[in-house]
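Undergrad: Okay, structure incoming, though there's no sequence with it:
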Ligand SMILES: Nc1ncnc2c1ncn2[C@@H]1O[C@H](COP(=O)(O)OP(=O)(O)OP(=O)(O)O)[C@@H](O)[C@H]1O
Ligand SMILES: [Mg+2]
């Protein structure tokens with residue numbers, strides 16, 4: 001096979017692209033230096049409640065006086081804006097120099113999401129890896145969050161482009177919060193997420209078990225997806241167990257209505273469990289507790 005000489009104009013295009021990436025990376029470093037804690041919500045499995053956990057944790061942090069931002073890094077299926085009651089296509093405020101600003105939602109959550117930028121719900125994003133990486137890098141580079149205590153990043157399921165991009169381009173990522181349901185299948189898949197974090201040498205802040213059980217009207221408990229998987233995983237890997245959130249149809253209903261579940265139903269068992277888990281996250285993160293997968297040397 002004969003090698004083709006690269007033309008002057010092709011060379012110029014590549015050089016310009018490299019320069020743009022370097023400039024964006026510098027901007028990311030500058031913007032991220034104003035944010036104390038950067039946490040990504042991870043699970044290999046879809047539909048286990050990552051976005052519910054992200055949005056609720058953001059709300060819990062905000063009512064505890066923390067300045068919070070959420071980046072919806074689910075390029076194909078952004079849902080956070082809906083869970084916060086914002087319509088698709090709302091847009092994000094922008095300045096003529098290209099800086100964009102997150103949309104602010106009560107009780108004090110700043111949101112940046114492709115969901116706000118897409119014209120409508122049905123618009124599919126049909127992008128391969130490199131385009132998704134570019135979109136995420138640009139969102140991170142051009143969004144001006146200002147000073148924040150926490151940036152939560154909602155990831156799509158899996159350990160692919162978006163997860164790698166976030167882990168690699170955010171400087172000093174504080175760590176991952178893992179979400180699972182108690183089924184054996186989910187447990188096996190979550191092990192991959194643990195291996196992913198370990199491979200990248202990133203801290204696992206803790207694991208939260210969602211959809212743990214259902215309390216029937218007579219008070220009895222049904223373990224619909226199985227029992228205790230997250231706590232077993234936590235023990236096996238020495239990861240902090242953050243708690244178990246029951247299945248509650250009101251969670252789905254509040255999320256669909258764009259309301260924060262624990263503010264709508266503060267007395268429910270699920271709300272109390274969630275707020276306990278959020279308290280643990282704050283304790284672990286703000287005390288600088290070392291993750292089980294962090295060596296003395298890496299911390
Ligand atoms: N504990 C719960 N009880 C009842 N419904 C729940 C619970 N947790 C989440 N849900 C609902 O389950 C659905 C999936 O949750 P969510 O979108 O947060 O999952 P996800 O892991 O982010 O999914 P994806 O992998 O598609 O991003 C949503 O309709 C949500 O409202
Ligand atoms: Mg989601």
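TA: Noted; the coordinates are in hand. Keep in mind that this is a model prediction, so the values were computed, not measured. Ligands and ions are numbered 1, 2, ... in the order given.
Undergrad: For ligand 2, what's the nearest residue on the stretch 101-250 of the chain?
TA: residue 154 (5.9 Å; C-beta to the ion). For every residue, glycine as well, the C-beta is placed using N, CA and C.
Undergrad: Just the terminal-to-terminal distance for stretch 60-68.
TA: End-to-end distance of stretch 60-68 (C-alpha to C-alpha, to the nearest Å): 10 Å.
Undergrad: can you confirm residue 55 is in a helix?
TA: Yes: note on residue 55: a helix contains this position according to DSSP: H, G, I helix; E, B strand; the rest coil.
Undergrad: With adjacent residues omitted, what lies nearest to it?
TA: Spatial nearest neighbour of residue 55, chain neighbours left out: residue 83 (4.5 Å); criterion: C-beta to C-beta, 6 or more residues apart in numbering.
Undergrad: and what of residue 95?
TA: Residue 95 sits nearest to residue 101 (C-beta to C-beta, 6+ apart), 7.8 Å away.
Undergrad: Next: residue 200.
TA: residue 167 (4.9 Å).
Undergrad: quick one, what contacts the one you found?
TA: 40, 173, 200, 202 (C-beta atoms under 8 Å, 6 or more residues apart in numbering).
Undergrad: so what pLDDT did the last one get?
TA: Listed pLDDT for residue 202 reads 95.
Undergrad: Just the pLDDT at residue 294, thanks.
TA: You'll see residue 294 listed with a pLDDT of 66.
Undergrad: May I ask which helix or strand encompasses residue 263?
TA: Using DSSP states H and E, residue 263 sits in helix 261-264.
Undergrad: re the thing from before, so the residue nearest to residue 200 versus ligand 1, what's the distance?
TA: Using C-beta to the nearest ligand atom, to the nearest Å, residue 167 is found at 18 Å from ligand 1.
Undergrad: Following the helix or strand containing that residue in sequence, what is the next regular element?
TA: Taking DSSP H and E as the definition, residue 167 sits inside helix 161-169. Toward the C-terminus, helix 161-169 is succeeded by strand 175-180 as the next helix or strand (DSSP H and E).
Undergrad: quick check, that following strand touching ligand 2?
TA: No: using C-beta under 5 Å from the ion, strand 175-180 never reaches ligand 2; the gap is at least 9.5 Å.
Undergrad: which helices and strands sit right next to that strand?
TA: If contacts are counted by 3 or more C-beta pairs under 8 Å, 6 or more residues apart in numbering; DSSP states H and E, strand 175-180 sits against strand 35-42, helix 50-63, helix 184-199, strand 204-210, helix 229-237.
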